[in-house]
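Participant: take this sequence and fold it.
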Amino acid sequence: MQFRQQALNRLQSPEELDLPVRFARPQGWLTLSVTVVVMAAASVWAVTGSVASTVGAPAILTHGQGSYVLQSPVAGQVTAVLAEQGQRLPADSPLLKVRTAEGETVVRTVAAGRVTALAATIGQIISTGADVAAVEKVTRASDPLYATVYVPAQNAAAIPENAAVDLTVQSVPTEEYGVLRGHVKSVDRGAQSARSIGAFLGDSQLGEQFTEDGRPVAVLVRLDRSRGTKSGYRWSSADGPPFALTSMTLAEASVRLSDERPVDWLLP
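Facilitator: Numbers count the residues shown, from 1 in each chain. The predicted structure is shown next:
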């Protein structure tokens, strides 16, 4: 009988016009408002916003001019080593004395720089053209450091001018002192071979290391300077490490690429 009475009531008022209209509750209006605001913000960002992406690549700190490998012009026995590793020498400085069949010969530096490696020792027999030292081209102690980043060739075109770069330096604890800041100075559009990298750095092993995944592109990064840090460069932390940086220090770089639009709009 209960259901019969409900059916009769519905027949008497099929459109339920006699019932009051229930408006949305305040909670419903709030939810709707938030949804509309979010959708509007998303639409604006889709039109005007961009997505920043980065590429990671190995890097090394240098003085920007590279190094050269000094080779012996004569064959003979090394009788004296006249320089030490880490020593800064002017051009045409004596480095080794070599006893040859014609007499004693002095092997000299080609250009001014800092001796980063010595491959010859007293008593060693060397041949003509043998590698005896690696010399980094730097004339003054105040010359600034740069970072050379070896970026995969497929990412080189996406690196904009003056792009921001963060460097995780191998000799600096990142969790304590943060990352080293810098900006792209130039991008070499030609891919580098292991031989060319080894010649620039004065170390053939580094050339092999930086080309393990293919021939990269060299990106020169200018390190941001700061008078408030011991190293003289800007870090993500306030003070950075309490010591100076040295060249030929390995690092890992994160290079910011060109911003990409999240949505490609197709116009009719």
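Participant: if I've got this straight, residue 148 is in a strand?
Facilitator: Yes - judged by DSSP: H, G, I helix; E, B strand; the rest coil, residue 148 forms part of a strand.
Participant: thought it was touching residue 221?
Facilitator: Yes - counting by C-beta atoms under 8 Å, residue 148 sits close enough to residue 221 to count as a contact (7.4 Å). Just so you know, the C-beta spots here come from the backbone N, C-alpha and C atoms, and that holds for glycine as well.
Participant: ok, those two, which is more surrounded?
Facilitator: The neighbour comparison of residue 148 against residue 221 (other C-beta atoms under 10 Å) goes to residue 221, with 27 against 23.
Participant: show me the contacts for the more buried one.
Facilitator: The contact partners of residue 221, by C-beta atoms under 8 Å, 6 or more residues apart in numbering, come to 59, 146-149, 165, 167, 182-185, 253.
Participant: with residue 214 instead?
Facilitator: Going by C-beta under 8 Å, 6+ apart, residue 214 touches 152-153.
Participant: that one and residue 190, how far apart?
Facilitator: Summarising the geometry, the distance separating residue 214 from residue 190, computed by C-beta to C-beta, to the nearest Å, is 14 Å.
Participant: just residue 130 next, same as before
Facilitator: If you go by C-beta to C-beta, the gap between residue 130 and residue 190 works out to 30 Å.
Participant: remind me, longest strand of the chain?
Facilitator: Of all segments of type strand in the chain, defined using DSSP state E, the longest is strand 180-191.
Participant: what is it packed up against?
Facilitator: strand 146-152, strand 164-169, strand 216-223 (3 or more C-beta pairs under 8 Å, 6 or more residues apart in numbering; DSSP states H and E).
Participant: grab the nearest non-local neighbour of residue 174.
Facilitator: The spatially closest residue to residue 174, leaving aside those adjacent along the chain, is residue 168, at 5.4 Å (C-beta to C-beta, 6 or more residues apart in numbering).
Participant: partner residues bridging the one you found?
Facilitator: Here residue 168 sits in beta bridges with residue 252, going by DSSP bridges.
Participant: residues near it, how many?
Facilitator: Each residue near residue 168 was counted by other C-beta under 10 Å, and the total is 16.
Participant: tell me the contacts of it?
Facilitator: Applying C-beta under 8 Å, 6+ apart to residue 168 gives the contacts 174, 179-180, 251-254.
Participant: for residue 234, same thing?
Facilitator: Under the criterion of C-beta under 8 Å, 6+ apart, the contact list for residue 234 reads 180-181, 223-226, 240.
Participant: what is the helix or strand where residue 208 lies packed up against?
Facilitator: Using DSSP states H and E, residue 208 falls within helix 204-210. Judged by 3+ C-beta pairs under 8 Å, 6+ apart, helix 204-210 is in contact with strand 54-62, helix 194-201.
Participant: show me where this protein has its strands.
Facilitator: When assigned using DSSP E, the strands of the chain occupy the ranges 54-62, 67-71, 76-81, 88-89, 94-100, 103-108, 113-118, 125-126, 131-136, 146-152, 164-169, 180-191, 216-223, 249-256.
Participant: in a markdown table: those strands, plus mean pLDDT and distance to residue 158.
Facilitator: Conversion of the strands of the chain to a markdown table gives the following (pLDDT from 0 to 100; distance: least, C-beta to C-beta, whole Å):
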| stretch | mean pLDDT | distance to residue 158 |
| --- | --- | --- |
| strand 54-62 | 94 | 8 |
| strand 67-71 | 90 | 29 |
| strand 76-81 | 96 | 47 |
| strand 88-89 | 91 | 38 |
| strand 94-100 | 95 | 43 |
| strand 103-108 | 95 | 45 |
| strand 113-118 | 90 | 33 |
| strand 125-126 | 96 | 46 |
| strand 131-136 | 92 | 31 |
| strand 146-152 | 95 | 9 |
| strand 164-169 | 97 | 14 |
| strand 180-191 | 93 | 10 |
| strand 216-223 | 95 | 11 |
| strand 249-256 | 95 | 9 |
